[in-house]
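# Below are the sequence and a predicted model; questions follow.
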Amino acid sequence: VTGSSRGIGAAIASQFARQGAAVAVHGRDAAAVASGVAAIQDGGGTATGVTGDVTSFAAVEAIRRQVEDTLGPVDILVANAGASLTPPAALEDIPEDGWRATVDANLLATFLTLKSFLPGMKARGRGAIITMSSSAGRRANARAPIAYGAAKAGVIMLTQDVAAQAGPFGVRVNCIAPETILTEGNRERIPASLRAELAGLHPLKRLGTPGDVAGAAVFLASDAAAWITGLVVDVTGGAVLA
């Protein structure tokens, strides 16, 4: 699970471990990764930690080799790592470096992660891949970060193209597109009054939790989803009705 030392990724890693999977916790902060591994192990799960920059193919390849050496072939890949690295602005005011950084952190990182792990899955004739988009990539919103939305929309198209390519090899590829999720970071950034206002915009009248996303990921990786591929699952409390 890339980007799993905190937030949504950490919840996904923990949920998979509770289901009996041996999990590789990934991040760039070694201390945060170690903490995530310890939390899973303390709960009786199996986990190892890996660090590296997923916008570098050489680094992703090193991550894959380390995971395979420790846990064996990867049957489930969650390409979760991503970030919004430039604030909302009119298109002409978005700095080029901010645009490139955001696209790299989301679309390039997902591409490189799949490029590294997919060949082994195809050779083994099995595998489940889950990518991470966002409601920002599902609907236009002038108040949202344009670079982030464009990158996350690209993740959806990448997912569906790879699903079509990899299906004949027994590999399923699906995507999750969450809306506002109350991660630790969002709990700190979003005042309680604004949380209530945002919750009211959702038909289910609450904001999402990391566990909501993790539950969708476990389902998509399970045998219960054995005939599902190329799907985008909107975990949005009804805010996106496709």
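Thanks, I have it. Numbering: from 1, shown residues only.

# From the centre of this structure, point out the most distant residue.
residue 92 (28.9 Å; CA atoms, centre = their mean).

# can you pull out the strands in the protein?
Here the chain has its strands, by DSSP state E, at 22-27, 46-51, 76-79, 127-132, 171-178, 232-235.

# My read is that residue 59 contacts residue 66, right?
No: with contact defined as CB atoms under 8 Å, residue 59 does not count as touching residue 66 (10.6 Å). The C-beta positions use only the backbone N, C-alpha and C, and glycine is treated the same way.

# Just give me the residue right at the centre of this protein.
Judging by CA atoms, centre = their mean, the chain has its centre closest to residue 80, at 2.0 Å.

# do you know how far that one is from residue 133?
According to CB to CB, to the nearest Å, residue 80 and residue 133 sit 11 Å apart.

# Work out the gap between the lowest-mean-pLDDT helix or strand in the chain and the centre of the chain.
When the helices and strands of the chain are scored by mean pLDDT, DSSP states H and E, helix 184-189 comes last with a mean of 89. Centroid displacement of helix 184-189 relative to its chain, using CA atoms, centre = their mean, to the nearest Å, is 18 Å.

# any residues touching that helix, and which ones?
Outside helix 184-189, the residues within contact range by CB atoms under 8 Å, 6 or more residues apart in numbering are 6, 7, 180.

# Nearest residue to residue 35 in space, ignoring adjacent ones along the chain?
Spatially, and ignoring its direct neighbours in sequence, residue 35 is nearest to residue 5 (7.3 Å; CB to CB, 6 or more residues apart in numbering).

# Show the contacting residues for that neighbour.
Residues counted as contacts of residue 5 (CB under 8 Å, 6+ apart) are 25, 26, 27, 29, 32, 33, 35, 36.

# Report pLDDT for the second one.
Right, the one you point to is residue 26. We have a pLDDT of 98 for residue 26.

# would you list every one of the helices in this protein?
For the chain, applying DSSP state H gives helices covering 7-18, 30-42, 57-71, 96-103, 109-124, 146-166, 184-189, 192-199, 210-221.

# Name the residues of stretch 109-120 that are buried.
For stretch 109-120, the neighbour count (16 or more other CB atoms under 10 Å) marks 109, 110, 111, 112, 113, 114, 116, 117, 118, 120 as buried.

# quick one: it to chain centroid distance?
Remark: stretch 109-120 is offset 13 Å from the chain centroid, using CA atoms, centre = their mean.

# circling back to that earlier point, give me the buried positions along the least confident helix or strand of the chain.
In helix 184-189, residues buried by neighbour count (16+ other CB under 10 Å) are residue 186.

# just to revisit the earlier point, output the helices of the chain in JSON lines; the columns should cover distance to residue 175.
JSON lines is the format used below for the helices of the chain (distance: least, CB to CB, whole Å):
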{"stretch": "helix 7-18", "distance to residue 175": "14"}
{"stretch": "helix 30-42", "distance to residue 175": "23"}
{"stretch": "helix 57-71", "distance to residue 175": "19"}
{"stretch": "helix 96-103", "distance to residue 175": "17"}
{"stretch": "helix 109-124", "distance to residue 175": "10"}
{"stretch": "helix 146-166", "distance to residue 175": "4"}
{"stretch": "helix 184-189", "distance to residue 175": "21"}
{"stretch": "helix 192-199", "distance to residue 175": "23"}
{"stretch": "helix 210-221", "distance to residue 175": "9"}
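
# Much appreciated, bye for now.
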